[in-house]
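Undergrad: here's my sequence, what's the structure:
(one chain, ligands or ions: 1)
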Amino acid sequence: MRQGGNGIPAVTLVIIGTLIFGFIIWQNTRPEAPTRVIVPTEIQPATEVNAWQVILEQGFGSDSTPLPTIGIPTAPFVPPTLPIETESALLPAQTLSAFDAAQVTPFIGATPTPPLPTAPVIETVIPLTQIYVTQPPQSWQPPPLIPPLSRDLLGRDHYWMQRPIDSNANNRGLFYYPYGSDGPEGENYRIHAGIDMPNQIGEPVRAAGSGTVVWAADGLRTSGGAFQDTYSYGNVVVIQHDFGYRGRSVFTLYAHLALVNVVPGQRVETGDVVGLVGNTGRVTGPHVHFEVRLGDAGSSSVPHYANTYNPALWMVPYVGTGVIAGRVTNASGQLVMDADVTVRSRATGQVVSTTTTYIYQNSGVDVNADPEWQENFVIGDVPVGRHEVVADIGGQRVSVIVNVVEGTTTFVELSPSTTPTNDGGS
Ligand SMILES: [Zn+2]
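TA: A predicted model of the protein is given here:
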């Protein structure tokens, strides 16, 4: 039993109770502090740098430098001359060993090393004023044939892709930087893993075939070698197509986009707009860089950079044109690298196209020959008819006459050991 004698005096309890009650009353009658309203006056920068945003701002911000003009040739058509008429016009003789792999000028940045901010810009650095324009300006392209197309009687052709750009813009590959080349004479660009179609920013880029989008972001967001030096590609879309080839999956890639119009996992049909032509990544002017890659069966990840193939053997030719693919080899049967190959019409005598043979660097990310053709050069968009294909093999001129048929591949072997020269060459 508790008695007041030993406990807290009743008066003290009353005082304490009164104080607590009073405090509660005071708390509840006090005017409330005004609610703080935070008005966002500016977007706070994310702690993580969004490189894509930076790239876009650099390209389109009010302080950006004027967009460079590139690529759509405007100079008058000046066909290159071929050294066929006189002895003196022949190129200086070289020994065939001059084309050994070891003789190829070392290439900066070919190995997939981590990207360096200060790395030299080497892809598509095209000083246009120095370019010898040998093709006429094209404001409108001929209509392409309808893909998928395989007219070869032995089923070897796989022109299954639509051109990624419409025919009222430039859907012709830049001839002086074809697949497997290091750019114009005297230049030392990255060996080209695709083809370039220079166009104005904003030109729609379309799916070359039906399939599923497996990549739709900037190349900075990946590793594993899918985009090699990841600065190069800018904003990229990769489509895995519904069809395969020889048990492998088939992909197309569209790079340097200003805007990406699709998301990973999205289904696209042939011709759907997947993005817009831009100049993101390493470029000096807006264009779409178009690639074809073959991947492992069943894998939907973007195939490694080392799995590209020449798009000119996958993209439908124009109406009235065909494709010449071939092998340029030396007397020992070895592939000759970086050799000039020119096509001249037998009907008109005009040079209709020119290219160079693939350069292999044994770097682990080399370009690849088609599994069927084993070519080391391709010239697309050749008008149908009879043509002379001329190769410069170590200074020796070798030529073969071929018939080009619409929508098919004409294959040609060019070698000094199998083809007699028809002029004064030694
Ligand atoms: Zn390119």
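
Undergrad: against Ala169, how distant is whichever residue of the stretch 51-200 of the chain sits closest to the ion?
TA: Nearest residue of the stretch 51-200 of the chain to the ion (Cβ to the ion) works out as Asp196 at 4.2 Å. To be clear about C-beta, it is placed using only N, CA and C from the backbone, and glycine gets the same treatment. Distance of Asp196 to Ala169, computed by Cβ to Cβ, to the nearest Å: 13 Å.

Undergrad: please apply the same query to Ser232.
TA: Between Ser232 and Ala169 the distance is 23 Å, computed by Cβ to Cβ.

Undergrad: of those two, who's got more company?
TA: Using other Cβ atoms under 10 Å as the criterion, Ser232 and Ala169 rank with Ser232 on top: 26 against 21.

Undergrad: touching, Trp160 and Pro148? I think so.
TA: Yes: counting by Cβ atoms under 8 Å, Pro148 is a contact partner of Trp160 at 3.9 Å.

Undergrad: who's more crowded, the two?
TA: Trp160 (21 against 15).

Undergrad: what's near enough to touch that one?
TA: 147-150, 209, 241, 243, 250, 314 (Cβ atoms under 8 Å, 6 or more residues apart in numbering).

Undergrad: and what of Ala347?
TA: Shown in contact with Ala347 (Cβ under 8 Å, 6+ apart): 385-386.

Undergrad: read off the pLDDT value for it.
TA: Here the pLDDT value assigned to Ala347 is 92.

Undergrad: next, it: phi, psi?
TA: phi -80, psi -40 (degrees, to the nearest 10).

Undergrad: and of the contacts of Trp160, the nearest to Gly275?
TA: Gly209 (15.5 Å; Cβ to Cβ).

Undergrad: residues near the closest one, how many?
TA: Residues within reach of Gly209, counting by other Cβ under 10 Å, total 24.

Undergrad: mind checking the SS state of it?
TA: Applying DSSP: H, G, I helix; E, B strand; the rest coil to Gly209 yields a three-state assignment of coil.

Undergrad: repeat for Ile324
TA: Once three-state DSSP is applied, Ile324 turns out strand.

Undergrad: list the contacts for it?
TA: Residues counted as contacts of Ile324 (Cβ under 8 Å, 6+ apart) are 343, 378-379, 382, 387, 389, 402, 404, 409-412.

Undergrad: which pLDDT value belongs to the residue nearest to it when sequence neighbours are not counted?
TA: Nearest non-adjacent residue to Ile324, counting by Cβ to Cβ, 6 or more residues apart in numbering: Ile379, 4.7 Å away. Note on Ile379: pLDDT of 97.

Undergrad: roughly how far does Ile379 sit from Gly395?
TA: 21 Å.

Undergrad: near the ion, which residues of the stretch 51-200 of the chain?
TA: For the stretch 51-200 of the chain, the residues in contact with the ion (Cβ under 5 Å from the ion) are Asp196.

Undergrad: thought Leu257 was touching Thr280?
TA: Yes: using Cβ under 8 Å, Leu257 is in contact with Thr280, at 6.5 Å.

Undergrad: Val323: what's it in contact with?
TA: Neighbouring residues of Val323 by Cβ under 8 Å, 6+ apart: 312-313, 317, 378-382, 404, 408-410.

Undergrad: just Gln374 next, same as before
TA: Gln374 sits next to Arg327 when contact means Cβ under 8 Å, 6+ apart.

Undergrad: could I get the full set of strands for the stretch 301-426 of the chain?
TA: For the stretch 301-426 of the chain, the strands defined by DSSP state E, counting those that start in this stretch cover 308-309, 321-328, 340-345, 351-356, 377-383, 385-393, 396-404, 409-414.

Undergrad: the closest residue to the ion within the chain: what's it in contact with?
TA: Residue nearest to the ion within the chain: His289 (3.4 Å; Cβ to the ion). Counting by Cβ under 8 Å, 6+ apart, His289 touches 124, 194-196, 233, 253-256.

Undergrad: check Tyr179 too.
TA: Residues in contact with Tyr179 (Cβ under 8 Å, 6+ apart) are 173, 192-195, 308, 310-312, 358, 367, 378.

Undergrad: what helix or strand does it sit in?
TA: Counting by DSSP states H and E, there is no helix or strand that carries Tyr179.

Undergrad: wait, is Thr12 part of a strand?
TA: No: counting by three-state DSSP, Thr12 is not part of a strand but helix.

Undergrad: report the contact partners of His192.
TA: Residues counted as contacts of His192 (Cβ under 8 Å, 6+ apart) are 177-183, 367.

Undergrad: for Arg267, see how far away it is.
TA: As for His192, its distance to Arg267 is 30 Å (criterion: Cβ to Cβ).

Undergrad: can you check Pro147 too?
TA: Plainly put, Pro147 is 18 Å away from Arg267 if you go by Cβ to Cβ.

Undergrad: and those two? Which one has more around it.
TA: More neighbours surround Pro147 than the other of Pro147 and Arg267, with 18 against 13 (other Cβ under 10 Å).

Undergrad: in three-state terms, how would the more buried one be classified?
TA: Here Pro147 is recorded as coil under three-state DSSP.

Undergrad: begin at 543 from now on, thanks
TA: Done: numbering now begins at 543, and the last item shifts to Pro689.

Undergrad: pLDDT score for it?
TA: Note on Pro689: pLDDT of 95.

Undergrad: go on, Gly875?
TA: If you check Gly875, the pLDDT there is 92.

Undergrad: pull the contacting residues for it.
TA: 957, 959.

Undergrad: for Ile935, see how far away it is.
TA: Counting by Cβ to Cβ, the gap from Gly875 to Ile935 is 12 Å.

Undergrad: also Ile558?
TA: Counting by Cβ to Cβ, the gap from Ile558 to Ile935 is 109 Å.

Undergrad: do Ala839 as well
TA: Going from Ala839 to Ile935 by Cβ to Cβ gives 38 Å.

Undergrad: right, I'll leave it there.
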